[in-house]
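Got a sequence here, can you build the structure:
(2 chains)
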Amino acid sequence: MSQVLTHVGSTRAVSVVRILLPLLVWTELGKLLRLVESLGVPWKVPLSFAVGVSSLAMLLGWHARLASLATGASVLGCWWLLGEVGGDIDFVRHHVYALGIATVWLSLTPCGGSFSVDRALATRRGQPTEETGDLWATLLIRMQVVAIYLFAAYDKTDGVFGAHYEQAMRAHLFGSDRLPQTVLDALHTVAYASVALEWLLPLALLWRPTRSVALIAGVGFHFLVYWTLSVGTFSSTMVVLYLAFVDPQVVHRWVGFALGEPSPRS
Amino acid sequence: MPPPLHLRALGLGLGLAFVFGGPFARQVLYYDAHLLKSWRPYGGPWLDVCVADYAMPQPDGSWAPVSRLETLYGAQAWWQVTLHRRRLRSQAEAHRAGRRMCQALGVSDLRARVKCATDEGYHYVEYREDNLCRPL
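Here you go, the predicted structure:
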């Protein structure tokens, strides 16, 4: 446990997540929170302003942790005040909550340690700007992903998920008419295979020897969901959060390679 | 300056309790508190769909299936029609489509078997009781 709490590593992975999450927030909420959509709806104008300002600061990495906390809190505010209380179904969606809570957990990490205004200003002031920090809170992001899979799988293990998946596919693709039995059988097979995968993914993601396979399977699963159903930013959010499962030093090297930095070995 | 170890442990403990405790309370213990998050992916708008099989009675007592998409839109397959037209959201929509099919086919008896999505799967709302071609 103390190893988790004292985990120090590269800040690049969490900083990449810090850059990607605001883009997903804008994709998910941008249209819904436009001023013209917000006027006259209680709480919507201040929430719209809060989401806009805080997510921009988060993207730039200006007071990155505070900006991440403010972004997460305002997105969750949209979920609660506009969705759960206000009854607007667009804000009740899982995509909105997943974005908000992940952003809150991210604010507990050194997400401004790389690619940020914070780092640039520290460099200008002559302060040390090593791209390392305490990464204990990435465990919360990992556990959030695990909880989403576990409880979604629990909900789907009810004997009627095959029918529910068929309904979702009918609503978004096939429509209401007679389908060949082979198609129906295939849909039900895919449904129960995806539930089995959702039960397996938490363990496979947490256990280091199976993690790589689980990440590939998870990306494939989310691509399939994104391609066939209307799930908004949920698939992209989950794939972005997968970065919390990758060794931070590996992400550091990937990003360095992408930026054309010299390899440490060369 | 990172927080001291005991504060990190406290933050981690509270965070994990929130991450797992909320859905556990909602989904396993059925505790109804909307501030806690549940993860139930296929609810609400997903279920707004019905399935309709149309058929004409035959003199020998059997049923001859009739394709709604072919009758109304001349389509041989579902992908030749827009989703808006493919999808029936209610029994009333299935009835309206059936009445239009009566006119298009020029027949006097057309029945539908309609089942609509519910939380429990499907629920049959019609089982060929009504003749959709009967004048209203």
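
Which pLDDT value goes with A:Met1?
A:Met1 is assigned 68 on the pLDDT scale.

scratch that, A:Val96
95.

Count the neighbours of it for me.
A:Val96 has 26 neighbours, counted by other C-beta atoms under 10 Å in any protein chain shown. Backbone N, C-alpha and C define where each C-beta goes, glycine included.

And for it, nearest residue in space, chain neighbours not counted?
What sits nearest to A:Val96 in space, not counting adjacent residues and going by C-beta to C-beta, 6 or more residues apart in numbering or on different chains, is A:Trp79, at 4.8 Å.

didn't the one you found look like it was pressed against A:Phe91?
Yes - with contact defined as C-beta atoms under 8 Å, A:Trp79 reaches A:Phe91; the gap is 5.6 Å.

how close does B:Lys115 sit to B:Cys102?
The spacing between B:Lys115 and B:Cys102, counted by C-beta to C-beta, to the nearest Å, is 21 Å.

Would you quantify the distance from the closest residue to A:Gly133 other than its chain neighbours to A:Glu28?
Among residues not flanking A:Gly133 along the chain, A:Pro110 sits closest, at 2.9 Å (C-beta to C-beta, 6+ apart). Distance of A:Pro110 to A:Glu28, given as C-beta to C-beta: 25 Å.

and if you look at A:Leu21?
Taking C-beta to C-beta, one finds A:Leu21 at 10 Å from A:Glu28.

Same check on A:Leu205?
Distance from A:Leu205 to A:Glu28, counting by C-beta to C-beta: 24 Å.

Settle it for me: which of these two has more neighbours?
A:Glu28 (25 against 22).

quick one: contacts for the closest residue to chain A within chain B?
Ranked by C-beta to the nearest C-beta, the top residue of chain B for proximity to chain A is B:Arg86, at 2.5 Å. Each residue near B:Arg86 by C-beta atoms under 8 Å, 6 or more residues apart in numbering or on different chains is listed here: A:174-177, B:69, B:78.

so what's B:Cys50 bridging to?
When assigned by DSSP bridges, B:Cys50 has beta-bridge partners B:Leu88, B:Cys116.

if I read this right, it contacts B:Ala97, doesn't it?
No - if you go by C-beta under 8 Å, B:Cys50 and B:Ala97 don't touch, sitting 10.4 Å apart.

got a list of what B:Leu69 touches?
Applying C-beta under 8 Å, 6+ apart, the residues contacting B:Leu69 are A:175, A:177, B:75, B:77-78, B:80-81, B:85-86.

repeat that for 10 Å
Neighbouring residues of B:Leu69 by C-beta atoms under 10 Å, 6 or more residues apart in numbering or on different chains: A:175-178, B:75-81, B:85-86, B:97.

okay, the closest residue to it other than its chain neighbours: pLDDT?
Spatially, and ignoring its direct neighbours in sequence, B:Leu69 is nearest to B:Ala75 (4.3 Å; C-beta to C-beta, 6+ apart). We have a pLDDT of 93 for B:Ala75.

can you tell me the helix or strand for B:Ala75?
Assessed by DSSP states H and E, B:Ala75 sits outside every helix and strand.

give me the number of residues near it?
B:Ala75, neighbours per other C-beta under 10 Å, totals 17.

what about it, distance to B:Thr82?
10 Å.

again with A:Thr132
A:Thr132 is 54 Å from B:Thr82, where distance means C-beta to C-beta.

Tell me which residue of chain A lies closest to chain B.
A:Gly175 (2.5 Å).

Identify the residue spatially nearest to that residue, adjacent ones excluded.
B:Arg86 (2.5 Å).
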